[in-house]
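**Q** Sharing a sequence plus its predicted fold:
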Amino acid sequence: MTTESAPDAWRPVASAEVLRLRASLKARARAFFEATGALEVDTPILSSAAPTDPDLEPLRTTVASRPGTQCFLQTSPEFAMKRLLAAGVGDCWQFARVFRDAERGRWHNPEFELLEWYRVDCDHHELMDEVEALVAALLQSESRIAPAERRSYADAFREYAGVDPLEDDTEALQDAAARARLEPVAGLADDDRDGWLDRLLTGVVAPAFPTDRPTFLYDWPESQAALARIDERDPRVAHRFELYWGPLELANGFHELGMAMEQRARFVEDNARRRSRGQDELPLDERLLAALEAGFPDCAGVALGFDRVVMVAAGAGRIDDVLAFPFERS
């Protein structure tokens, strides 16, 4: 990371060449969506509600015109875009500046850019097709892209970690982590099954993915559904996917949950998990819930980490190298 006290801290970190590449990739993305007829939208960065996901921590602020009211810088434009979908705008997309607290490192900056979009009458497998086409369109001038690999979450864990993520207990997951000689993670409880799955994913499974092509990991455990639908044929799994380039996560997508009652229950469960972890509860987004109640189309959506796509295109090893001014120089 770049220190803020360096004498030349006023200078950008990304080179002019990388900044031109970034601009070129944004132009390609805009042309891609214009060709499909999707509507480019803009939604608020500042909101009175925030996603309750315990693994996401929003940045908080106040607004003088609303004394006593805590506001949040959004971790994703998802909730506002879903309100637009409920209002009937149809396929839509946007570049969004988003913020997440407690995230800083080789691949993370507290402020970053997402390319997020939604397709009506589409499931997560159809959306994976489009994600692959977009990534190929973005990277076509930088390298020849081999077809993406597609692996179910369960198959990938069985092959690379030697466990069944849908059936094995936490002790089996810990044993697999020990066999792989993974370093302990501070605060990871022995009974946190999803936490151990994530440890194996980042430490064993994702590092095994090829580094010359994308890899889709789909049909995640129901306990990690987030905002995705549960599979009616196998309730152990959710209609969720992530896209990787080697171990680097590029995108997270869902066949979207559209039932207000179930979504409210998930928000409440999230806040219970936040309490158990010692995190603050977050206010539910009642406007999103009202939109779902009013009627939500069958659709799939995905958030693509645009800075990370630029990293792949530029051959960069850290996110700072593709940002004009990372946090320490902001």
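**A** Received, thanks. Residues are numbered from 1 along each chain as shown.
**Q** can we go C-alpha only for contacts and neighbour counts from here?
**A** Will do.
**Q** Just grab the bridge partners of the spatially most central residue of the chain for me.
**A** Nearest residue to the geometric centre of the chain (C-alpha atoms, centre = their mean): Asn252, 4.3 Å. Using DSSP bridges, the beta-bridge partners of Asn252 come out as Glu242, Ala303.
**Q** From Leu114, how far off is it?
**A** 11 Å (C-alpha to C-alpha, to the nearest Å).
**Q** who touches both of those two?
**A** Taking C-alpha atoms under 8 Å, 6 or more residues apart in numbering as the criterion, Asn252 and Leu114 both touch 303-304.
**Q** for the stretch 51-200 of the chain, what spans make up the helices?
**A** 78-86, 124-139, 153-160, 170-179, 193-200 (DSSP state H, counting those that start in this stretch).
**Q** Could you do the stretch 201-330 of the chain as well?
**A** 260-276, 286-294, 306-314.
**Q** Redo the ones you listed as TSV? Include distance to His108, mean pLDDT and mean neighbour count.
**A** Output for these, formatted as TSV (distance: least, C-alpha to C-alpha, whole Å; pLDDT from 0 to 100; neighbours: other C-alpha atoms under 10 Å):
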stretch	distance to His108	mean pLDDT	mean neighbour count
helix 260-276	22	95	16
helix 286-294	28	98	17
helix 306-314	9	97	22
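**Q** For the ones you listed, give me CSV that also has distance to Gln94.
**A** As requested, the helices of the stretch 201-330 of the chain are exported to CSV (distance: least, C-alpha to C-alpha, whole Å):
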stretch, distance to Gln94
helix 260-276, 24
helix 286-294, 18
helix 306-314, 11
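**Q** The helices of the stretch 51-200 of the chain: which one's closest to Leu227?
**A** Nearest to Leu227 among those is helix 78-86 (9.9 Å), distances taken as C-alpha to C-alpha.
**Q** Check the offset of that closest one from the chain's centre.
**A** 17 Å (C-alpha atoms, centre = their mean, to the nearest Å).
**Q** ok, and what's touching that helix?
**A** For helix 78-86, the external contacting residues (C-alpha under 8 Å, 6+ apart) are 43-44, 91-92, 116, 287-288, 291-292, 294-297.
**Q** biggest separation within the residues you listed, which pair?
**A** Once C-alpha to C-alpha is applied, the contacts of helix 78-86 give Glu116 and Ala294 as the farthest pair, at 22.8 Å.
**Q** Show the contacting residues for the residue lying closest to Val98 once chain neighbours are set aside.
**A** Once flanking residues are discounted, Val98 sits nearest to Thr75: 5.1 Å by C-alpha to C-alpha, 6 or more residues apart in numbering. With contact set as C-alpha under 8 Å, 6+ apart, Thr75 has these partners: 50-51, 56-58, 98-100.
**Q** Name only those of these that count as buried.
**A** With neighbours counted by 16 or more other C-alpha atoms under 10 Å, these contain buried members at 50-51, 57-58, 98-100.
**Q** Let me know the closest of those to Glu17.
**A** Val98 (24.4 Å).
**Q** how many neighbours does the nearest residue in space to Pro326 that is not next to it in sequence have?
**A** Using C-alpha to C-alpha, 6+ apart and skipping residues adjacent in sequence, the residue nearest Pro326 is Asp320, 5.7 Å away. Counted with other C-alpha atoms under 10 Å, the neighbours of Asp320 add up to 24.
**Q** so Asp320 makes contact with Arg329?
**A** No: applying C-alpha atoms under 8 Å, one finds Asp320 not in contact with Arg329, separated by 10.2 Å.
**Q** circling back: tell me how far the residue nearest to Val98 lies from Arg11.
**A** The gap separating Thr75 from Arg11 is 27 Å, by C-alpha to C-alpha.
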